[in-house]
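[1] sequence and predicted structure, then a few things I'm wondering about:
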Amino acid sequence: MGYPGIWMTESESVIYRVVPKCACSTIGQIMFYSDHGRFFDGDIHDAKDGLHKWARPESQDPITRNVQEHGSYAFTCVRNPYSRILSSFFDKICGIQRNGKRYRGNLVPLLTYKYGVEVGGDDGKGEFDQIRSFRRFLLFARDTIRWRRPMDPDIHWSAMSGHISTFVANGGTYDRIIWTERFNEGMAQVLDAIETPHAVVLDDIPRFNESEGHGPKRAHPVEAYFDDLSMHLVYEIYKRDFDLFGYDFEDPSNRQPVGEIDLDEVHAQLTG
C-alpha cells in the first residue's frame with residue numbers, strides 16, 4: 001500500500017498526512033514556504049515539484065525511508081465531522097470546480113436522479129432548499145461508506161480515521177494531530193518542534209481555502225442542517241472520528257473539540 005496522502009518537505013523537516021477538507025491547502029503552502037521562502041503559485045495540490053508527495057513516483061523512496069526510520073516529525077490535521085461533511089457538500093456537490101465542470105462528471109446527475117438532491121442549477125447559483133438537499137446527500141454518503149453503493153466512498157467524505165490509519169498501518173508514527181478549529185495553536189506546536197530553512201510567521205500566513213467560491217454560500221448555521229435522523233447518520237459514519245479526535249456528537253453547533261487526542265489510543269485503534 002505504501003503511504004498514500006503523505007506530503008514531505010524536500011528538506012525532510014516534516015511529514016504530513018493529508019486529510020481532505022481539513023486545512024490541507026494552507027498546511028501544504030506552509031510546508032512549501034518553509035523550504036523555499038515563497039508560496040506555490042496556484043493550488044498546492046497541483047504542485048509537481050518543490051514538495052515530496054507520495055503520488056509522485058520519485059518521492060516514494062525518500063518518503064518510505066523517512067517514515068520507516070521516523071526521521072521527521074509527523075503530523076496530521078482533523079476537523080469537526082459535522083462541519084467537514086457540510087463543507088464537502090457545498091464544495092464538491094453544489095460547486096463548480098476549478099476546471100469549470102461539476103465534480104466527478106456524472107456524480108451530480110446521479111444524486112439528482114437517485115436521491116433527489118438539488119444543487120442550484122447548472123451554474124450552482126440558483127435558489128434551492130439547502131437543508132433538504134444536504135440531508136439527502138447525507139443518505140448517499142452513508143450508502144457509499146456503509147455499502148459502497150452506488151459508488152465507492154469519496155476521499156472528501158470518507159472518515160478521517162480511515163485516511164489517518166493508512167500511515168499507522170504501514171509503520172508510521174504521528175507526533176501530533178492538530179485541530180482545524182484551533183489551527184494556529186496546533187500549527188505553532190508543529191513549527192516549534194521542527195527546524196525549517198525559512199522561518200514561518202503564522203500570523204502572516206493567509207488561509208488558502210481553495211474550495212472557497214466553488215459553491216453557494218451556506219444559508220443557515222451548521223446545526224440547522226442536522227435533525228435527529230441526520231445526526232444518527234453522521235454518528236453511524238463518523239463514530240470513530242468523534243471518539244478519537246475529541247469532538248462533540250451531541251451538539252452540532254459546537255465546532256470546538258471537547259476532549260483531548262490520545263496519540264497512543266489513535267495508534268492502537270488504527271493499527272492494522
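    Structure's in. What do you need? These numbers come from a predicted model, not from an experiment.
[2] and W7, that one's in a strand?
    Yes - looking at W7 with DSSP: H, G, I helix; E, B strand; the rest coil, it is inside a strand.
[3] that one and Q29 touch, don't they?
    No - shown here, W7 and Q29 do not form a contact pair, counting by CB atoms under 8 Å, at 11.1 Å. To be clear about C-beta, it is placed using only N, CA and C from the backbone, and glycine gets the same treatment.
[4] between the two, who's got more neighbours?
    W7 (26 against 22; other CB atoms under 10 Å).
[5] ok, now which ones touch the more buried one?
    Residues near W7 by CB atoms under 8 Å, 6 or more residues apart in numbering: I15, Y16, V18, G28, M31, L51, H52, K53, W54.
[6] how close does it sit to Y16?
    From W7 across to Y16, the span is 5 Å (CB to CB, to the nearest Å).
[7] tell me which stretches of this protein form helices.
    Counting by DSSP state H, the chain has helices at residues 24-36, 57-69, 81-88, 107-115, 130-147, 160-169, 183-192, 228-245, 263-270.
[8] N99 is nearest to which of those helices?
    helix 107-115 (14.0 Å; CB to CB).
[9] for that closest one, packing partners?
    Other helices and strands packing on helix 107-115, by 3 or more CB pairs under 8 Å, 6 or more residues apart in numbering; DSSP states H and E, are helix 130-147.
[10] any idea of the angle the helix it packs on forms with helix 107-115?
    With axes from the mean of the first three to the mean of the last three CA atoms, to 10 degrees applied, the angle from helix 130-147 to helix 107-115 works out at 90 degrees.
[11] which parts of helix 130-147 are buried?
    Across helix 130-147, burial judged by 16 or more other CB atoms under 10 Å covers 130, 133-145.
[12] and the pLDDT at E223?
    Model confidence at E223, expressed as pLDDT, equals 97.
[13] run a quick check on it versus D248, I expect a contact.
    No - the pair E223 / D248 is not scored as a contact, 11.2 Å apart, by CB under 8 Å.
[14] which of the contacts of W7 fall in strands?
    Counting by DSSP state E, the contacts of W7 place I15, Y16, H52, K53 in strands.
[15] show me which pair in these is furthest apart.
    Distance extremes for the ones in strands among the contacts of W7: the farthest pair is I15 and K53 at 11.2 Å, using CB to CB.
[16] which neighbours do the two share?
    Contact criterion CB under 8 Å, 6+ apart; residues shared by I15 and K53: I6, W7, M8.
[17] for those, which one is nearest F40?
    Nearest member of those to F40, counting by CB to CB, is W7, at 11.8 Å.
[18] L263 versus D243, what's the distance?
    Look at D243 and L263: by CB to CB, they are 14 Å apart.
[19] any residues in contact with both of W7 and Y16?
    Residues touching both W7 and Y16 (CB under 8 Å, 6+ apart) are G28, M31.
[20] quick one on the thing from earlier: farthest pair within the contacts of W7?
    Of all pairs drawn from those, the greatest distance, 14.0 Å, lies between M31 and W54 (CB to CB).
[21] of those two, which one has the most company?
    Higher neighbour count among M31 and W54: M31, with 27 against 20, using other CB under 10 Å.
[22] of the buried residues of helix 130-147, closest to V234?
    Comparing those against V234 with CB to CB places L138 closest, at 7.2 Å.
[23] am I right that that closest one is in contact with Y235?
    No - if you go by CB under 8 Å, L138 and Y235 don't touch, sitting 11.5 Å apart.
[24] which neighbours do these two have in common?
    With CB under 8 Å, 6+ apart, L138 and Y235 have no common neighbours.
[25] tell me how the protein divides into domains.
    As assigned by automatic domain parsing, the chain contains the domains 6-80+158-204, 81-155+213-238.
[26] residues contacting E185?
    E185 sits in contact with I178, where contact means CB under 8 Å, 6+ apart.
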